[in-house]
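# Quick one, what's the 3D model for this:
(one chain, ligands or ions: 1)
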Amino acid sequence: MTHPAQPKASHFINGAYVEDTAGTPIPVIYAATGEQIATVYAATPAIVEQALSTAKEAQKAWAKMTGTERGRILRRAADIMRERNHELSVLETYDTGKPLQETLVADASSGADALEYFGGLAGSLTGEHIPMGKDWVYTVREALGLCVGIGAWNYPTQIACWKGAPALACGNSMVFKPSETTPLCALKVAEILHEAGLPAGLYNVIQGMGEVGAALVTDPRVDKVSLTGSVPTGKKVYAAAAAGMKHVTMELGGKSPLIIFDDADVENAVGGAINGNFYSSGQVCSNGTRVFVQKGIKEKFLARLAERTGAAVLGDPQDEATSFGPMVTQNQMNIVLGYIEKGKEEGARLICGGKRADMPGFFVEPTVFADVTDDMTIAREEIFGPVMSVLDFDTEEEVIARANDTEFGLSAGVFTNDFSRAHRVIGQLEAGSCFINSYNDAPVEAPFGGVKASGVGRENSKEAIKHFSQVKSVYVRMGDVEAAF
Ligand code: NDP
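The predicted structure is shown next:
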């Protein structure tokens, strides 16, 4: 019998599902059991062409509509997403393995937030009037044209919406390629947008591995590329986009610091560290995986952290009682287990977890290492799994320097009850998305993105509008033109 997660077809182009079984088959594996639940096919060159040509053509009429008309469709799509939240959450859980307890509140719902927020902004995208004596300049905020979105596997619905919603609000069209690991959810986003009245051809989803992404990025018809992925992929995609002088947004990886001072509330700090390391089984780009704890609070912090981490419920992700799911793939599980072994070899002290869980699927126990030093592999490389490194520190000055000593700069957090210190420290941390006495909040109203190797551009908020539109300026002369001859 066909599994309910099996989509009608692999691609969604020009307002309809499209199949082409000539492409490489991509098995969809449910991470909690290891069973194959669906198959999609990578886009062939013919599918890539169909998606790009339809998106290029459809964009012109879309950009001519008023922002209010475009926004109405996005807001309707947000309502449909919320009505179908349960069904979409179940699918997200099949796609990623993340527990339903999480997907019910974090995925389709944050996608709907993006559709609603950018739908609301669409009607207010205006230019400026700049007086120049008798003359004047006016500016027009115009769409970029055809945008490509390429997604990572950890938030397939959210990423499809975070890129699609601002792109469409500004009058662009989009071709979105999900990660080959999680190909299912973006198809639902496309389906819902069209159910809400989006004209055909404006939001297309095609499947495939890196080479399909590369074909999209290098096509001369594409005006903008927005990637969520790792730093090495980001460097390749950025370079390919630069060759065609295309706009880019790069949402890449991190190894973010979470700094806990002696005067912090221990329960809140432990909660922040858990949210910043074990949500989505640690597969979150902004995670605060280097937890710097001031020496005075260290043992108390570690004791409560071990106790509370022990309360994680590993199990069937479709059961709402489960609070901790598997790694997305066997390969990702093996990468994470490899890092855990490295941590042990390099002398970090294992506080809890530290191995594959004794159950079917790709589960790794939530793992905490203490006495981690800055040079250890687990403190330097992005693991993208449930492995928290706790490092000790003495002074504010020292911890700021150590926190910044990384190529990454996505996020940073500080727990302290001294608010002057909180702002002083955050002001010196090299990161795009920061938190004081909290960790990993990502509301659509706030800009999200990294500095240094963690990325270029911002998603969410009014900032995203700047990255999906461009400004035309028009000088208007009222008098005669003076010329040299
Ligand atoms: P990857 O970098 O492996 O892949 C990201 C996407 O790029 C996938 O769809 C992939 O295709 C595609 N791709 C790979 N090579 C190319 C290429 N040459 N040209 C165009 N596209 C290409 O990332 P993961 O999927 O493994 O995701 C994990 C990473 O994403 C982590 O580093 C994490 O930190 C980062 N991330 C960043 C976020 C942020 O907002 N800053 C949020 C979430 C994750 P395919 O995989 O199908 O082959």
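# Quick check: longest helix in the protein by residues?
Longest helix in the chain, counting residues (DSSP state H): helix 45-64.
# quick check, it touching the ligand?
No - using C-beta under 6 Å from any ligand atom, helix 45-64 stays clear of the ligand, coming no nearer than 12.1 Å. (Each C-beta comes from the backbone N, C-alpha and C, glycine too.)
# Buried by neighbour count: which residues of that helix qualify?
Within helix 45-64, the residues that count as buried by 16 or more other C-beta atoms under 10 Å are 47-48, 50-52, 54-56, 58-59, 62-63.
# same deal with stretch 368-386?
Using 16+ other C-beta under 10 Å as the test for burial, stretch 368-386 gives 368-372, 376, 378-379, 382-386.
# what about that stretch, near the ligand?
Yes - with C-beta under 6 Å from any ligand atom as the criterion, the ligand is reached by stretch 368-386 at 382, 384.
# That stretch spans what distance, first to last residue?
End-to-end distance of stretch 368-386 (C-alpha to C-alpha, to the nearest Å): 8 Å.
# can you check stretch 400-412 too?
Separation of the first and last residues of stretch 400-412 by C-alpha to C-alpha is 11 Å.
# tell me which parts of this structure are close to the ligand?
Proximity of the chain to the ligand (C-beta under 6 Å from any ligand atom) is limited to residues 150-154, 177, 179-180, 209-210, 213-214, 217, 227-230, 233, 236-237, 251-254, 285, 382, 384, 410, 450, 455.
# Which of those fall in strands?
Judged by DSSP state E, the subset of those located in strands is 150, 177, 227-228, 251, 455.
# and the two most separated of the residues you listed?
Greatest spacing in these, by C-beta to C-beta: 177 and 455 (18.3 Å).
# of the ones in strands among the residues of the chain next to the ligand, closest to residue 438?
residue 251 (20.3 Å).
# how close does that closest one get to residue 334?
Relative to residue 334, residue 251 is positioned 25 Å away (C-beta to C-beta, to the nearest Å).
# what about these two, which has more around it?
Each of residue 251 and residue 334 has its neighbours counted (other C-beta atoms under 10 Å); residue 251 has more, 28 against 13.
# Wait, that one touches residue 449, no?
Yes - using C-beta atoms under 8 Å, residue 251 makes contact with residue 449 at a distance of 6.0 Å.
# Now the common contact residues for these two.
Listed as contacting both residue 251 and residue 449 by C-beta atoms under 8 Å, 6 or more residues apart in numbering are 455, 457, 459.
# What separation is there between the first one and residue 288?
For residue 455, the distance to residue 288 (C-beta to C-beta) stands at 17 Å.
# what's the helix or strand hosting residue 109 packed up against?
Assigned by DSSP states H and E, residue 109 falls within helix 108-121. Packing partners of helix 108-121 (3 or more C-beta pairs under 8 Å, 6 or more residues apart in numbering; DSSP states H and E): helix 67-83, helix 85-96, helix 156-169, helix 461-467.
# winner for burial among these?
Ranked by mean neighbour count, the helices and strands packed on helix 108-121 are led by helix 156-169 with a mean of 30 (mean count of other C-beta atoms under 10 Å).
# Return the alpha-carbon coordinates of it using CSV.
As requested, the backbone C-alpha atoms of helix 156-169 are provided in CSV (Å, rounded to 0.1, in the frame of the first residue of the first chain):
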residue,chain,number,x,y,z
PRO,A,156,11.7,22.0,4.9
THR,A,157,8.4,23.8,5.3
GLN,A,158,9.8,26.8,7.1
ILE,A,159,12.6,27.3,4.6
ALA,A,160,10.2,27.0,1.6
CYS,A,161,8.1,29.7,3.2
TRP,A,162,10.8,32.0,4.5
LYS,A,163,12.2,32.3,1.0
GLY,A,164,8.9,32.1,-1.0
ALA,A,165,6.8,34.6,1.0
PRO,A,166,9.1,37.6,0.8
ALA,A,167,10.0,36.8,-2.8
LEU,A,168,6.4,36.6,-3.9
ALA,A,169,5.4,39.7,-1.8
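# quick one, that helix and helix 85-96 angle?
In terms of direction (axes from the mean of the first three to the mean of the last three C-alpha atoms, to 10 degrees), helix 156-169 departs from helix 85-96 by 110 degrees.
# re earlier: out of the buried residues of stretch 368-386, which two are the most distant from each other?
For these, the farthest-apart pair by C-beta to C-beta is 371 and 384; their separation is 22.6 Å.
# rewinding a little: using a markdown table, lay out the buried residues of stretch 368-386 together with distance to residue 28.
Shown next, in a markdown table, are the buried residues of stretch 368-386 (distance: C-beta to C-beta, whole Å):
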| residue | distance to residue 28 |
| --- | --- |
| 368 | 32 |
| 369 | 33 |
| 370 | 38 |
| 371 | 40 |
| 372 | 36 |
| 376 | 35 |
| 378 | 31 |
| 379 | 34 |
| 382 | 25 |
| 383 | 24 |
| 384 | 20 |
| 385 | 21 |
| 386 | 23 |
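# what about the residue nearest to residue 467 when sequence neighbours are not counted, how many residues close to it?
Of all residues not flanking residue 467 in the chain, residue 457 sits nearest, at 4.7 Å (C-beta to C-beta, 6 or more residues apart in numbering). Close neighbours of residue 457, defined as other C-beta under 10 Å, add up to 21.
# thought residue 457 was touching residue 468?
No - counting by C-beta under 8 Å, residue 457 sits too far from residue 468 to count as a contact (9.6 Å).
# of all the buried residues of helix 45-64, which comes closest to residue 444?
Set against residue 444, the nearest of the buried residues of helix 45-64 by C-beta to C-beta is residue 62 (21.8 Å).
# now the strands: where do they sit in the stretch 301-450 of the chain?
With DSSP state E, counting those that start in this stretch, the ranges of strands along the stretch 301-450 of the chain come out as 349-352, 367-370, 387-393, 411-415, 433-436.
# elements contacting the first one?
Using 3+ C-beta pairs under 8 Å, 6+ apart as the contact criterion, the neighbours of strand 349-352 among helices and strands are helix 298-309, strand 367-370.
# Mind checking these for the one nearest to residue 42?
That would be strand 367-370 among these, by C-beta to C-beta, at 34.4 Å.
# What strands line up against that closest one, and which way round?
Here strand 367-370 has these sheet partners by DSSP bridges: strand 349-352 (antiparallel), strand 387-393 (parallel).
# wait, which of those strands is closest to residue 263?
Of all the strands paired with strand 367-370, strand 387-393 sits nearest to residue 263, with 13.9 Å by C-beta to C-beta.
# From one end of stretch 4-18 to the other, what's the distance?
End-to-end distance for stretch 4-18: 18 Å, by C-alpha to C-alpha.
# mind listing what's buried in it?
Neighbour-count burial for stretch 4-18, counted by 16+ other C-beta under 10 Å, picks out 5, 7, 9-15, 18.
# Skipping adjacent residues, who's closest to residue 28 in space?
Of all residues not flanking residue 28 in the chain, residue 38 sits nearest, at 4.0 Å (C-beta to C-beta, 6+ apart).
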